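*Asks:* just a sequence and a predicted model for now, questions to come.
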Amino acid sequence: MDFPSIKTSGNFQVRQSDKFIEIFGEGYRLMISLSLRQPEVELFLGNRHVATLDMASALDTMDGFDEKTALGLPVLRQEIPGKAIINWEGSSARWPLKNVELQAWNEGFSYSYSVYGEGAIDRAFYWRSRHHGSQANSARLFNPEPNSRAIRYTGERCWKGSTCYVCYPDPDKAISPDYMTISVGRDKNYHAGNWYFTPAPFCYALQGEANWLALGIAAQPGEWNFSDFDYPGDGFGFSLVYDGHTRVKGHWQSPAMLCLVAADEYSAVESYCEALRASGLSPDRGRGIPQAWWREPIFCGWGEQVSQELHLGGLKAPERATQSNYQEWMRLLDDRQINPGMVVIDDKWQLNYGTNEVDPLKWPDMAGFIAEQHRQGRRVLLWLKAWDPEGVPADECITDLEGMGVTVDPGHPKFRKRMAGQVRRMLGELGADGFKIDFTHLIPRGPALDQLEVNRLREEKPGPSGRGPGQRALSDSVGGKWGLELMREWLGIISEAARAVRPDAVIITHTANPYLSDLVDVLRLNDVAGLKDIYGSIVPDMQHRTRIARAASPYWLLDSDNWPCSSREQWYEYIQAQKDGQFGIPALYHIQRFGWGDINEALGEEDFSAVRECWKTYRAMVAQAQGNTEKTILLVEKVASS
């Protein structure tokens with residue numbers, strides 16, 4: 001894969017002897033063996049020897065592991081000044097022909113391979129096979145994907161008592177304590193859960209002597225059909241999880257591993273995302289021009305729904321998403337002189353998650369409620385649960401072995417028509433102004449149905465990929481897409497339908513990946529992670545998420561979120577931190593009582609005053625940034641009643 005955006009300037013050098021090809025770039029060096037034995041490349045960052053890379057990567061299929069690849073001598077080409085291309089040709093027992101290519105330039109290098117043959121891909125490995133990793137000499141990795149224990153670097157561990165199969169595995173499960181994953185879905189037992197960004201950019205960062213190296217996946221548009229990007233941890237190397245949903249039919253080219261030198265781990269992720277945009281591998285635009293009202297502070301009723309469940313008992317939180325409750329919360333906001341510009345009606349205003357028709361017992365007049373908020377100068381967003389098949393016929397779903405719908409299928413023409421119709425109804429008939437999309441981590445993940453027996457054998461003892469036992473075998477999507485491509489297809493239905501009805505409708509998600517930047521208007525930083533110290537600051541973790549979200553796309557706005565805080569102290573500090581806009585749009589989830597875990601306190605005037613001051617400061621800051629000192633610029637214009 002070529003990267004036309006990559007610079008070929010600087011002090012790039014290539015030297016060749018009878019034993020090595022040496023490549024010298026800015027901050028890195030590669031020593032490529034000319035030995036007849038298995039080809040290896042020594043990787044240095046600065047003067048630190050971080051790894052010995054095995055060039056013979058494996059491509060497992062659902063019916064067999066790919067081991068013992070034999071490659072010939074490297075062939076060096078220097079057809080473009082400032083750039084070197086090295087190729088190896090060989091084969092394995094699984095693939096009769098395998099080609100490997102390394103491209104290098106001053107700022108970094110890329111690695112990819114291709115195979116010829118037939119088979120359904122299980123995992124595509126980089127610098128390793130399923131059972132054997134490259135030699136890690138001094139490898140400390142950074143993972144940008146947030147998790148509930150804020151574990152970001154190899155060597156870190158969750159606190160004792162955490163639910164984590166990596167830090168505290170079952171004795172019969174062989175998994176490295178340094179295992180990492182970046183996933184379109186979630187695993188609630190991976191550092192107590194990793195559903196916050198689904199997914200984060202598919203890019204790790206490797207620490208060098210005084211620099212870092214981005215290690216990110218670069219695929220052509222339409223080829224992001226994998227669900228997980230794993231670092232198995234038992235040796236150096238990575239894998240992409242396809243689970244049999246992509247098939248080799250004659251020839252297959254792997255996505256490239258893009259390796260870019262950077263000053264620090266966050267700069268590494270930023271440079272990777274920028275390279276994708278510049279090379280046309282991810283969109284170089286947002287979904288649309290941000291509207292002024294998109295920047296308005298948000299009130300979401302979910303916090304009050306949960307608080308009532310915990311402290312009043314009886315009905316579960318989703319059953320408390322009623323018109324009477326939301327009318328009361330709007331009245332209380334007015335009484336406290338707190339004026340949100342956006343109101344989110346959260347889980348579960350609908351009868352069925354998959355059909356999104358209004359529950360008339362909870363909401364006898366949703367259109368009337370929305371119209372009243374419009375008269376008050378507020379916009380109303382409806383909460384949507386992604387992937388849930390409730391109420392959707394099984395023939396429009398991705399199913400399990402028994403034919404039960406596991407998730408909706410965005411590749412099915414009937415479902416696409418159904419979902420687009422729902423969007424038109426919600427924005428048109430009800431008058432909603434956009435959507436807060438949640439639970440994107442429920443995207444289907446798992447092995448293909450046609451290899452069930454093989455899957456059962458593998459589930460007895462999970463391999464280095466860290467995927468646990470008990471995964472349901474799933475049918476393919478009718479449209480043939482999987483992984484990130486399937487996520488893009490689902491979001492695309494909503495984005496296109498919304499644009500057709502309401503070009504200014506806003507779409508909020510927690511899908512912080514650059515490949516999705518043209519389908520999302522506002523990226524939500526998502527739920528606050530639980531800390532061992534309930535009074536501890538959540539600001540550092542939210543700062544981490546902010547940096548990754550902004551790296552993923554400079555086009556979307558951010559929703560700071562603010563739920564669930566474990567103490568008033570946590571909540572108050574984060575409210576104060578939101579006033580300068582560093583976390584994006586301020587958000588409020590409580591107007592009566594805090595409610596999470598043991599916290600059961602009523603909000604008081606000090607709390608209301610903090611919210612008012614935060615929003616006032618934030619609005620003035622945004623107004624000034626827009627070149628208008630009138631702080632009323634962000635106040636939502638009155639919307640004509642529907």
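*Replies:* Perfect, thanks for sending it.
*Asks:* quickly find the element holding the residue nearest to Arg295 when sequence neighbours are not counted.
*Replies:* Once flanking residues are discounted, Arg295 sits nearest to Val622: 5.5 Å by Cβ to Cβ, 6 or more residues apart in numbering. Every C-beta, even on glycine, is put in place using the N, C-alpha and C of the backbone. Here Val622 sits within helix 605-625, counting by DSSP states H and E.
*Asks:* what about Ala602, distance to Ile538?
*Replies:* Relative to Ile538, Ala602 is positioned 21 Å away (Cβ to Cβ, to the nearest Å).
*Asks:* neighbour-wise, which of the two wins?
*Replies:* Ile538 (20 against 10; other Cβ atoms under 10 Å).
*Asks:* Pro199: which element?
*Replies:* Short version, using DSSP H and E: Pro199 is in no helix or strand.
*Asks:* I'd guessed it sits against Ile217; true?
*Replies:* No - checked against Cβ atoms under 8 Å, the pair Pro199 and Ile217 is beyond contact range at 10.6 Å.
*Asks:* which residues do those two both contact?
*Replies:* In terms of Cβ atoms under 8 Å, 6 or more residues apart in numbering, Pro199 and Ile217 are both contacted by the residues Phe229.
*Asks:* the more surrounded of those two?
*Replies:* Pro199 (30 against 25).
*Asks:* how far away is the residue lying closest to the more buried one once chain neighbours are set aside from Arg445?
*Replies:* Excluding its sequence neighbours, the residue lying closest to Pro199 (Cβ to Cβ, 6+ apart) is Val184, at 4.8 Å. Val184 is 7 Å from Arg445, where distance means Cβ to Cβ.
*Asks:* overlap of the contact sets of these two?
*Replies:* 227-228.
*Asks:* neighbour count for the two, which is higher?
*Replies:* Val184 (28 against 25).
*Asks:* next, the contact list for the more buried one, please.
*Replies:* 198-199, 227-228, 440-441, 443, 445, 483-484, 486-487.
*Asks:* and Phe226, by the same measure?
*Replies:* Contacts of Phe226 (Cβ under 8 Å, 6+ apart): 124, 240-242, 246, 255, 482-484.
*Asks:* out of those, list just those in helices.
*Replies:* Those of the contacts of Phe226 mapping onto helices are 483-484, per DSSP state H.
*Asks:* just the buried ones from the contacts of Phe226, in PyMOL syntax?
*Replies:* The PyMOL selection below is limited to those of the contacts of Phe226 classed as buried (16 or more other Cβ atoms under 10 Å):
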select buried, resi 124+240+241+242+246+255+482+483+484
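*Asks:* dump the contacts of Phe226 to TSV, plus pLDDT and distance to Leu97.
*Replies:* Formatted as TSV, the contacts of Phe226 follow (pLDDT from 0 to 100; distance: Cβ to Cβ, whole Å):
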residue	pLDDT	distance to Leu97
Ala124	98	16
Leu240	98	21
Val241	97	24
Tyr242	97	20
Thr246	97	19
Pro255	98	19
Trp482	98	25
Gly483	98	26
Leu484	98	28
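*Asks:* let me know the closest of the contacts of Phe226 to Asn194.
*Replies:* Val241 (14.3 Å; Cβ to Cβ).
*Asks:* beta-bridge partners for that closest one, please?
*Replies:* Arg123, Asp228 (DSSP bridges).
*Asks:* would you agree it is in contact with Asp228?
*Replies:* Yes - the pair Val241 / Asp228 is scored as a contact, 4.0 Å apart, by Cβ under 8 Å.
*Asks:* quick check: chain neighbours aside, which residue is closest to Pro318?
*Replies:* Lys348 (3.7 Å).
*Asks:* where does that neighbour sit: helix, strand or coil?
*Replies:* Under the three-state scheme (DSSP: H, G, I helix; E, B strand; the rest coil), Lys348 adopts coil.
*Asks:* separation between it and Thr511?
*Replies:* In this structure, Lys348 and Thr511 are 21 Å apart, going by Cβ to Cβ.
*Asks:* which one's more surrounded, those two?
*Replies:* Neighbours were counted for Lys348 and for Thr511 using other Cβ under 10 Å; Thr511 has more, 28 against 20.
*Asks:* give me the beta-bridge partners of the closest residue in space to Glu118 that isn't next to it in sequence?
*Replies:* Nearest in space to Glu118, with sequence neighbours left out and distances taken as Cβ to Cβ, 6+ apart, is Val248 at 5.9 Å. Note on Val248: beta-bridge partners Gly119, judged by DSSP bridges.
*Asks:* how far out from the middle of the chain is stretch 411-423?
*Replies:* Offset of stretch 411-423 from its chain centre (Cα atoms, centre = their mean, to the nearest Å): 24 Å.
*Asks:* any buried residues in it, and which?
*Replies:* 411-412, 415-416, 418-420, 422-423.
*Asks:* just send these back as JSON lines, with secondary structure and pLDDT too.
*Replies:* Formatted as JSON lines, the buried residues of stretch 411-423 follow (DSSP: H, G, I helix; E, B strand; the rest coil; pLDDT from 0 to 100):
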{"residue": "Gly411", "secondary structure": "coil", "pLDDT": "98"}
{"residue": "His412", "secondary structure": "coil", "pLDDT": "98"}
{"residue": "Phe415", "secondary structure": "helix", "pLDDT": "98"}
{"residue": "Arg416", "secondary structure": "helix", "pLDDT": "98"}
{"residue": "Arg418", "secondary structure": "helix", "pLDDT": "98"}
{"residue": "Met419", "secondary structure": "helix", "pLDDT": "98"}
{"residue": "Ala420", "secondary structure": "helix", "pLDDT": "98"}
{"residue": "Gln422", "secondary structure": "helix", "pLDDT": "98"}
{"residue": "Val423", "secondary structure": "helix", "pLDDT": "98"}
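*Asks:* including distance to Glu496, could those residues go into JSON lines?
*Replies:* JSON lines is the format used below for the buried residues of stretch 411-423 (distance: Cβ to Cβ, whole Å):
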{"residue": "Gly411", "distance to Glu496": "15"}
{"residue": "His412", "distance to Glu496": "16"}
{"residue": "Phe415", "distance to Glu496": "14"}
{"residue": "Arg416", "distance to Glu496": "10"}
{"residue": "Arg418", "distance to Glu496": "14"}
{"residue": "Met419", "distance to Glu496": "10"}
{"residue": "Ala420", "distance to Glu496": "7"}
{"residue": "Gln422", "distance to Glu496": "13"}
{"residue": "Val423", "distance to Glu496": "9"}
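*Asks:* for those, which one is nearest Trp88?
*Replies:* Of the buried residues of stretch 411-423, the one sitting nearest to Trp88 (Cβ to Cβ) turns out to be Gly411, at 36.6 Å.
*Asks:* please name the nearest non-neighbouring residue to that closest one.
*Replies:* Gly479 (2.3 Å).
*Asks:* isn't there a strand covering that neighbour?
*Replies:* No - Gly479 is assigned coil when assessed by three-state DSSP, not a strand.
*Asks:* contacting residues around the residue minimising distance to the centre of the chain?
*Replies:* Geometric centre of the chain, nearest residue: Pro199, 1.5 Å, by Cα atoms, centre = their mean. Applying Cβ under 8 Å, 6+ apart, we find Pro199 in contact with 145, 182-184, 229, 484, 511-513.
*Asks:* filter the residues you listed down to just the ones in helices.
*Replies:* Using DSSP H, the contacts of Pro199 in helices are Leu484.
*Asks:* mind putting the contacts of Pro199 into a markdown table with distance to Cys300?
*Replies:* Formatted as a markdown table, the contacts of Pro199 follow (distance: Cβ to Cβ, whole Å):
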| residue | distance to Cys300 |
| --- | --- |
| Glu145 | 24 |
| Ile182 | 27 |
| Ser183 | 25 |
| Val184 | 24 |
| Phe229 | 31 |
| Leu484 | 27 |
| Thr511 | 18 |
| Ala512 | 19 |
| Asn513 | 23 |
